[in-house]
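Participant: Please find the sequence and the predicted model below.
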Amino acid sequence: MAAIDNLPPLREVIATHGLSAKKALGQNFLLDLNLTAKIARQAGDLSGSDVLEIGPGPGGLTRGLLAEGARRVLSIEKDERCIPALEEIADAYPGRFSYIQGDALQVDPLAHLTPPIRVAANLPYNIGTELLIRWLTPPQWPPFWQSLTLMFQREVAERITAKPGSNHYGRLAILSQWRADARIVLDLPPQAFTPPPKVSSAVVHLTALPAPRFPADLKVLERVTAAAFGQRRKMLRASLRGLAPDIEDILTSVDIKPTERAEQIDLEHFCALARAIAAQT
Ligand code: SAM
């Protein structure tokens, strides 16, 4: 579906409301409505979902999400200069769009959303990883969201989707893939944004698993992966020494060679190790 919404072009919205990009707010805007519609389509079938968007800015992705048929969109935007542009979108889509002006790290939007809920955002890069970790570690699982479709710096997207043996493989890959299916669905060059950032970007689509992929206690798994990847060049018998006095025996009991390094261990074995360590303590 094309983005036909009778709203002015985004360049005009930016000029009318004086939305010069602020670096401190991570403002790199998407002004091509064909591109924002394409990103919205990566979020799946939106027609039966409420969509939570973080950082709508002048509203390019917001308009994409609405034009692609989202049941409702709720956006959280910190920059009050964007409010008049968001008001115009609310007028164009009565009953389907609302926004909260505030900091996404402080605001709890759940009371305003009805499941199923999908999250879609061209995230401000300075808070993107923090928000992702929060969404992956809620007090209860399954989480409030069905899917996350998020723009990251390409390097962060690779850290989310990395497999064992890759330089990017680490704590973020373990956490993301333990709780979700995660894949890169779109690559974007710096020139896709106004102003262009220094690095390339990518959209990652994550779908929540009904239960974590392998059983493990989140806190223990985090302790193990923090120690293992904190000294990723060391053999596990050295990097994990502080976790249990008989770490070599524990590693062997779950079929991990004590001489291996964190980068070589897959998710299933990390979870088995977390369970074995939890059973000892
Ligand atoms: N979605 C728009 C687009 O694609 O053109 C703008 C994306 S821009 C990368 C990030 C947006 O997040 C900006 O509008 C910025 O003001 C907003 N933002 C920055 N920090 C925020 C925060 N803590 N809470 C909510 N919004 C924030």
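Facilitator: Thanks, I have the structure now. Numbers count the residues shown, from 1 in each chain.

Participant: show me what contacts the residue in the chain that the ligand sits nearest to?
Facilitator: Of the residues in the chain, the one nearest the ligand is residue 55, at a distance of 2.2 Å by CB to the nearest ligand atom. Bear in mind the C-beta positions are built from the backbone N, C-alpha and C, glycine included. Neighbouring residues of residue 55 by CB atoms under 8 Å, 6 or more residues apart in numbering: 26, 75, 76, 77, 78, 104, 121, 122, 123, 124.

Participant: Now the third one: phi and psi?
Facilitator: Residue 76 adopts backbone torsions of phi -110, psi 120, taken as degrees, to the nearest 10.

Participant: Test my guess that it contacts residue 98.
Facilitator: No: between residue 76 and residue 98 there is no contact under CB atoms under 8 Å: 10.3 Å.

Participant: quick one: which of these two has more around it?
Facilitator: Each of residue 76 and residue 98 has its neighbours counted (other CB atoms under 10 Å); residue 76 has more, 21 against 15.

Participant: From what I see, residue 193 and residue 201 are in contact.
Facilitator: Yes: between residue 193 and residue 201 there is a contact at 7.4 Å, judged by CB under 8 Å.

Participant: So if I had to pick from those two, which one is more boxed in?
Facilitator: Ranked by neighbour count (other CB under 10 Å), residue 193 and residue 201 place residue 201 first, with 25 against 20.

Participant: what's near enough to touch that one?
Facilitator: 151, 152, 153, 154, 157, 187, 188, 190, 192, 193.

Participant: Include secondary structure and pLDDT when you put those residues into CSV, please.
Facilitator: Output for the contacts of residue 201, formatted as CSV (DSSP: H, G, I helix; E, B strand; the rest coil; pLDDT from 0 to 100):
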residue, secondary structure, pLDDT
151, strand, 98
152, strand, 98
153, strand, 97
154, helix, 98
157, helix, 98
187, strand, 98
188, strand, 98
190, helix, 98
192, helix, 98
193, coil, 98
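
Participant: just the residues you listed now: which is nearest residue 133?
Facilitator: Distance ranking of those against residue 133, using CB to CB, places residue 152 first at 12.5 Å.

Participant: For burial, what's the neighbour tally of the residue nearest to the closest one when sequence neighbours are not counted?
Facilitator: Distances taken as CB to CB, 6 or more residues apart in numbering place residue 128 nearest to residue 152, at 5.5 Å, with adjacent residues excluded. When neighbours are counted by other CB under 10 Å, residue 128 registers 22.

Participant: quick one, strands of the stretch 51-200 of the chain?
Facilitator: Here the stretch 51-200 of the chain has its strands, by DSSP state E, counting those that start in this stretch, at 72-77, 97-101, 117-122, 145-153, 180-188.

Participant: buried set for the last one?
Facilitator: By neighbour count, with 16 or more other CB atoms under 10 Å as the criterion, the buried positions of strand 180-188 are 180, 182, 186, 188.

Participant: just stretch 152-167 next, same as before
Facilitator: For stretch 152-167, a neighbour-count test (16+ other CB under 10 Å) marks 152, 153, 154, 156, 157, 158, 159, 160, 161, 162 as buried.

Participant: Contact partners for residue 51?
Facilitator: For residue 51, the contact set (CB under 8 Å, 6+ apart) comprises 43, 65, 70, 71, 72, 73, 74, 117, 118, 119, 120.

Participant: try residue 119
Facilitator: Applying CB under 8 Å, 6+ apart, the residues contacting residue 119 are 51, 52, 53, 54, 135, 145, 147, 148, 149, 150.

Participant: For it, give the beta-bridge partners.
Facilitator: Legend: beta-bridge partners of residue 119 under DSSP bridges are residue 52, residue 148.

Participant: how about the nearest residue to residue 280, chain neighbours excluded?
Facilitator: In this structure, residue 280 finds its nearest non-sequential neighbour in residue 244, 5.5 Å apart by CB to CB, 6+ apart.
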